[in-house]
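>>> here is the input, now give the coordinates:
(2 chains)
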Amino acid sequence: MIITKKKDIEKIVEALKGKKTVWLFGCDSCAEQCQTGGRKELEEMSRVLTERGFEVAGSSLPEETCYRQLAMREYRTKEALPKADAVLVLACGAGVRTVADVAEETQPVLPALDSIFLATVERVGRFYEGCSLCGECVLIETGGICPHTECPKGLLNGPCGGVVDGMCEVSPDNECAWVRIYKRLKEQGRLHLMKKITPPKDNSIGVRPRNVLLREAARPIQKKR
Amino acid sequence: MGFKEDLRSGKFVITAEICPPRGTEAAPFIEKARLLKGRISAANVTDNQRAVMRLSSLACSILLMKEGLEPVFQMTCRDRNRLAMQSDLLGAWVLGVRNVLALTGDHVSAGDHREAKAVFDLDSVQLVSMITTLNSGKNMNGVELRGGTDFFIGAVVAPEASPWEPEEIKFEKKVEAGARFFQTQAIFDMDKFKRFFDGAAKTEASILGGILLLKSAKMANYLNANVPGVHVPQGLIDELEGAPDQLEKGIEIASRQVRELKKFCHGAHIMAIGQEESVVRIIEEA
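Alright, predicted model coming up:
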């Protein structure tokens, strides 16, 4: 799940300055679970913007706002949406980006949230970062604990000198990722994996922007991709 | 004789750390170099220590050489990617630097530029491997260099790390990658250090035990609370607290530790953090 948090409302109001009508987008998937872009948050944003003198023309809550087709359906079926002076999206950056692509070039599409990380969900409302989408999974050798993500320095060959009683120097409340990797590999009888020198990461595999194209485009895309 | 030859000769070798200034006023730095010249085998120049921005470790290494003091050029993985690191290492070599100490580096969140991007394109093991590759006349991608390097490669180990085994594995990897001398993190538990040394001495690497000058009980408490990887035992803090002159006591403790090391170790690496003048006394009294 993509974790988001709310931007400061003052920043949003500043970005909307000079606009009169605003359309809101939420996302019924990740942002809904993060309590940042579900029905409740759309209503709250609508109320706050109205108080600040904006006219909220309506709102959309697609199942997943990062799906282009779902965003397009909103634009086709909601008459007031293409006419709004601005669109405010309560979803992750991919959601904002998707809506921005569907909108006319003249219509500003703005984020209401900051996108932070890809989470492991411990339980509802408790999210931990466990993967950085780096492009080449090392979990195969690290006992299912990601050193790129869970070590603040992203070290690949063991702990740094800052480990204090097994805890991380950067985030003292967290156990050092490499101490955990060590313990788990030891339990699994695979400590030899930690003893071999891991070469530097090949960053050429992650040159941005990345894409995966399993199919041909259905029809020529007229607007910017 | 240089630092490498000193270690190879089997005599007890002393190095000390000098911290570059936070600006271009290099006179006090040079003053410290003059003070230590002839008394130590080489001086380590820290690389934006504690992630606090200072005059570059390479520039300061050159300043030391001009004063006739052999530098150990410290390089961390925090501030540069692999292109910049290789390039700076070649630069250091042509300028006459012969010793490099490869470190991970403190995280930027510990320093004075917390908004900076922490690079860590390589880690310390990979940095040691990379320098070994430069020494073989190739760059990291195996391309032949027009002139390589022949650095004496050092690394750091924390003999008091807890838990020890992950650190031990990393130490072994550094040796395998080509580290030939180690300057340890500050040691306070001599028995524990001796046990580490007995194992480490079986490798090809020379070990210099890290001695940190405790200037006061207050400093020791500060280190315990704020500096990763350093743990000053309560016994030493009490000893400092009970002394009429705490700095004098600190110098006495450091001398005592160096004396202990002389009995079995290859050398001592003294970290006096701004009190370089005291290093002279630590050495004299040891």
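>>> what about the one residue in the stretch 101-250 of chain B that gets nearest to chain A, which SS state?
The nearest approach of the stretch 101-250 of chain B to chain A comes at residue B:228, 3.1 Å away (Cβ to the nearest Cβ). Where you see a C-beta, it was placed from the backbone N, CA and C, and this is true even at glycine. Under DSSP: H, G, I helix; E, B strand; the rest coil, the three-state class of residue B:228 is coil.
>>> local confidence estimate at it?
Residue B:228 is assigned a pLDDT of 71 by the prediction.
>>> if I read this right, it contacts residue B:106, doesn't it?
Yes - in this structure, residue B:228 is within contact of residue B:106 by Cβ atoms under 8 Å, at 7.0 Å.
>>> which of the two has more neighbours?
For the pair residue B:228 and residue B:106, the greater number of neighbours falls to residue B:106 (25 against 21), based on other Cβ atoms under 10 Å in any protein chain shown.
>>> which one is the more buried one nearest to, not counting chain neighbours?
Setting aside the residues directly before and after it, residue B:106 is nearest to residue B:51 in space (Cβ to Cβ, 6 or more residues apart in numbering or on different chains), at 4.7 Å.
>>> what pLDDT does that neighbour get?
Confidence score, pLDDT, at residue B:51: 96.
>>> ok, now the one 10 residues further on?
Among the per-residue scores, residue B:61 shows a pLDDT of 98.
>>> which residue sits closest to it, ignoring its sequence neighbours?
With Cβ to Cβ, 6+ apart as the criterion, residue B:61 has its nearest non-adjacent residue at 3.7 Å, and that residue is residue B:71.
>>> residues near the one you found, how many?
28.
>>> cool, and residue A:52?
The tally of other residues near residue A:52 (other Cβ under 10 Å) stands at 13.
>>> ramachandran coordinates for the closest residue to it other than its chain neighbours?
The shortest distance from residue A:52 to any residue other than its chain neighbours is 5.6 Å, reached at residue A:13 (Cβ to Cβ, 6+ apart). Backbone geometry at residue A:13, expressed as degrees, to the nearest 10, gives phi -60, psi -40.
>>> what's the overlap in contacts for residue B:228 and residue B:106?
Here residue B:228 and residue B:106 share the contacting residues A:162, A:169, scored by Cβ atoms under 8 Å, 6 or more residues apart in numbering or on different chains.
>>> what about the helices in the stretch 101-250 of chain B?
Secondary structure of the stretch 101-250 of chain B by DSSP state H, counting those that start in this stretch: the helices cover B:124-135, B:164-177, B:190-200, B:217-226, B:234-241, B:246-262.
>>> and the third one, does that touch chain A?
No - applying Cβ under 8 Å from any Cβ of the partner chain, one finds that helix B:190-200 is not in contact with chain A, the shortest distance being 13.7 Å.
>>> tell me the helices and strands packed up against that helix.
With contacts defined as 3 or more Cβ pairs under 8 Å, 6 or more residues apart in numbering or on different chains; DSSP states H and E, the packing partners of helix B:190-200 are strand B:206-212.
>>> near chain A at all, the strand it packs on?
No - where contact is defined by Cβ under 8 Å from any Cβ, no part of strand B:206-212 touches chain A; the two come within 10.5 Å at best.
>>> how near is the residue nearest to residue B:61 to residue B:128?
Per Cβ to Cβ, to the nearest Å, residue B:71 is found 18 Å from residue B:128.
>>> residue B:82 now?
Note on residue B:82: its distance to residue B:128, by Cβ to Cβ, is 13 Å.
>>> ok, these two, which is more surrounded?
Neighbours per residue (other Cβ under 10 Å) separate residue B:82 from residue B:128, with residue B:128 holding more: 27 against 19.
>>> is it true that residue B:73 touches residue B:93?
No - taking contact to mean Cβ under 8 Å, the distance of 9.8 Å between residue B:73 and residue B:93 leaves them out of contact.
>>> list of residues touching stretch A:34-41?
Stretch A:34-41 is contacted from outside by A:1, A:3-6, A:25-28, A:31-32, A:61, A:65, A:89-91, A:95, A:112-113, A:125, A:127, using Cβ under 8 Å, 6+ apart.
>>> narrow the residues you listed to those that are buried.
Judged by neighbour count, with 16 or more other Cβ atoms under 10 Å in any protein chain shown as the criterion, the buried members of the contacts of stretch A:34-41 are A:3-4, A:6, A:25-28, A:31-32, A:61, A:65, A:89-91, A:95, A:112-113, A:127.
>>> for chain A, give the strand that spans the most residues.
Selection of the longest strand in chain A by residue count, based on DSSP state E, yields strand A:113-123.
>>> where's it relative to the chain centroid, distance-wise?
Distance, stretch centre to chain centre, for strand A:113-123: 7 Å (Cα atoms, centre = their mean, to the nearest Å).
>>> and the next helix or strand past it?
strand A:126-131 (DSSP states H and E).
>>> strand partners (parallel or antiparallel) of that following strand?
Strand partners for strand A:126-131, identified by DSSP bridges, are recorded as strand A:113-123 (antiparallel).
>>> list the buried residues for the strand it pairs with?
When neighbours are counted by 16+ other Cβ under 10 Å, the buried residues of strand A:113-123 are found to be A:113, A:115, A:117, A:118, A:119.
>>> stretch B:261-276 now?
Judged by neighbour count (16+ other Cβ under 10 Å), stretch B:261-276 contains these buried residues: B:261, B:265, B:266, B:267, B:268, B:269, B:270, B:271, B:272, B:273, B:275, B:276.
>>> surely the fifth one is within a strand?
Yes - inclusion of residue B:268 in a strand is indicated when three-state DSSP is applied.
>>> enumerate every residue touching it.
By Cβ under 8 Å, 6+ apart, the residues touching residue B:268 are B:12-15, B:208-211, B:257-258, B:261-262, B:286.
>>> tell me the one of these nearest residue A:170?
Ranked by distance to residue A:170 (Cβ to Cβ), these are led by residue B:210 at 21.8 Å.
>>> beta-bridge partners for that closest one, please?
On DSSP bridges, the residues paired with residue B:210 through beta bridges are residue B:186, residue B:269.
>>> what about it, neighbour count?
The local packing of residue B:210 (other Cβ under 10 Å) involves 27 other residues.
>>> go on, residue A:131?
Neighbouring residues of residue A:131 were enumerated by other Cβ under 10 Å; the total is 15.
>>> once you drop chain neighbours, what's closest to it?
residue A:118 (5.3 Å).
>>> from residue A:201, how far off is that neighbour?
Between residue A:118 and residue A:201 the distance, using Cβ to Cβ, works out to 18 Å.
>>> same check, this time on residue B:150
Residue B:150 is 28 Å from residue A:201, where distance means Cβ to Cβ.
>>> residue B:91 should be in a helix, yeah?
Yes - with three-state DSSP as the criterion, residue B:91 is assigned to a helix.
>>> what about the closest residue to it other than its chain neighbours, neighbour count?
Of all residues beyond its chain neighbours, the one nearest residue B:91 is residue B:58 (6.7 Å), with distances taken as Cβ to Cβ, 6+ apart. By the criterion of other Cβ under 10 Å, residue B:58 has 21 neighbours.
>>> likewise residue B:5?
12.
>>> quick check: the gap between it and residue B:151.
15 Å.
>>> please apply the same query to residue A:58.
Using Cβ to Cβ, one gets 67 Å for the distance from residue A:58 to residue B:151.
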